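1. Could you work out the structure for the sequence below:
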Amino acid sequence: MRDKPLTQLLRLVWLVLVGAALIYPFIGEEEQTLIPMPDEISAEVPDFSTYESIEEKKQAFFEYLRPAVNYHNQLILQERNFVQAMRQKIIEGQKLGLIQKRRLDKLARIYKLDKAVNDLDSINRLLRRVDIVPTELVLVQAANESAWGTSRFAREGFNFFGMWCFRRGCGFVPRQREEDSSHEVARFKDLSHAVRAYLTNINSHYAYSELRGIRASLRRHQQPVSAEYLVDGLMSYSERGQDYIDELLHMIRTNRKYINS
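-> Residues are numbered from 1 along each chain as shown. Now for the predicted structure:
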């Protein structure tokens with residue numbers, strides 16, 4: 001009878017080892033470190049119209065949006081690192097695990113690829129989309145589209161980017177909308193969701209494929225992903241065309257000291 005506890009202990013150890021062996025192939029398949037969201041991202045939109053000093057208004061505007069932009073760019077870089085790691089495995093002829101395939105499929109849906117990610121060509125297409133948008137570019141576009149945070153859409157719906165939606169009740173009905181139009185100006189529940197939606201739109205919509213091509217070329221030549229280069233890929237963002245691009249370029253250059261301070 002004295003051997004029974006020892007036998008039970010050995011059996012328990014054996015079961016633990018078998019369990020570990022069963023799950024071992026999946027350990028590390030999806031190495032994803034969660035990045036904590038800065039507290040200030042969820043803050044309400046300040047009343048930017050109260051600033052009498054233009055310099056103080058610009059400083060406050062950029063300080064409000066910058067944490068959300070940086071946070072979501074960090075998340076995108078984390079996604080990009082994962083896709084690059086899977087690309088290397090495919091190049092080396094290694095098989096992807098089930099969890100890895102599922103995560104690639106999820107990213108393909110988020111970034112609106114029309115093809116499953118299962119070979120080098122499709123993973124290269126995904127990698128072209130999973131990449132950052134420079135903070136400078138995001139911030140000046142937000143300033144331009146929201147009149148420095150004073151537009152109704154920014155104040156009441158966190159929409160700093162003039163993004164549209166096409167489901168009834170999804171946002172604000174524009175006062176000057178044409179009778180045969182059905183679009184609304186999107187409403188978001190907080191700044192974080194608004195910034196992520198904007199970045200996903202830039203990284204997935206066909207209208208901005210030129211921007212993604214410029215960015216991919218910069219990556220291939222090991223050059224910084226610069227706002228002044230990527231801005232040319234936003235020609236379709238506004239009906240103003242080249243005038244819009246020129247205005248954004250001017251805003252980038254004249255507001256850099258506020259953006260980076």
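2. list the helices and strands the top helix by length along the chain packs on?
-> Longest helix of the chain, by residue count under DSSP state H: helix 54-91. Judged by 3 or more Cβ pairs under 8 Å, 6 or more residues apart in numbering; DSSP states H and E, helix 54-91 is in contact with helix 98-110, helix 120-129, helix 135-146, helix 191-204, helix 242-259. The C-beta positions use only the backbone N, C-alpha and C, and glycine is treated the same way.
3. pLDDT averaged over it - what is it?
-> What helix 54-91 shows for mean pLDDT is 97.
4. and the angle from it to helix 120-129?
-> 170 degrees (axes from the mean of the first three to the mean of the last three Cα atoms, to 10 degrees).
5. returning to that earlier point: would you mind finding the most buried of the helices and strands packed on helix 54-91?
-> Most buried of those by mean neighbour count (mean count of other Cβ atoms under 10 Å) is helix 135-146; its value is a mean of 23.
6. angle of that one against helix 54-91?
-> 130 degrees.
7. can you state the direction angle for helix 135-146 and helix 242-259?
-> Going by the same axes, to 10 degrees, helix 135-146 makes 120 degrees with helix 242-259.
8. what's the helix or strand just after helix 135-146 packed up against?
-> With elements assigned by DSSP states H and E, the helix or strand that comes after helix 135-146 is helix 152-157. On a contact count with 3+ Cβ pairs under 8 Å, 6+ apart, helix 152-157 meets strand 171-172, strand 184-186.
9. Now do the buried residues in helix 152-157.
-> 153-155, 157 (16 or more other Cβ atoms under 10 Å).
10. just stretch 44-58 next, same as before
-> 45, 48, 51, 57-58.
11. Now do it: everything it contacts.
-> Residues outside stretch 44-58 that contact it (Cβ atoms under 8 Å, 6 or more residues apart in numbering) are 60-61, 64, 143, 148-150, 154-155, 158, 191, 255, 258.
12. quick check, nearest of those residues to Leu120?
-> Leu191 (37.2 Å; Cβ to Cβ).
13. Contact partners for that closest one?
-> Leu191 touches 41-43, 45, 64-65, 68, 158, counting by Cβ under 8 Å, 6+ apart.
14. Same list (the residues you listed) but as CSV, adding distance to Met86.
-> Putting these into CSV (distance: Cβ to Cβ, whole Å) gives the following:
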residue, distance to Met86
Ile41, 29
Ser42, 32
Ala43, 36
Val45, 38
Tyr64, 36
Leu65, 32
Ala68, 28
Phe158, 33
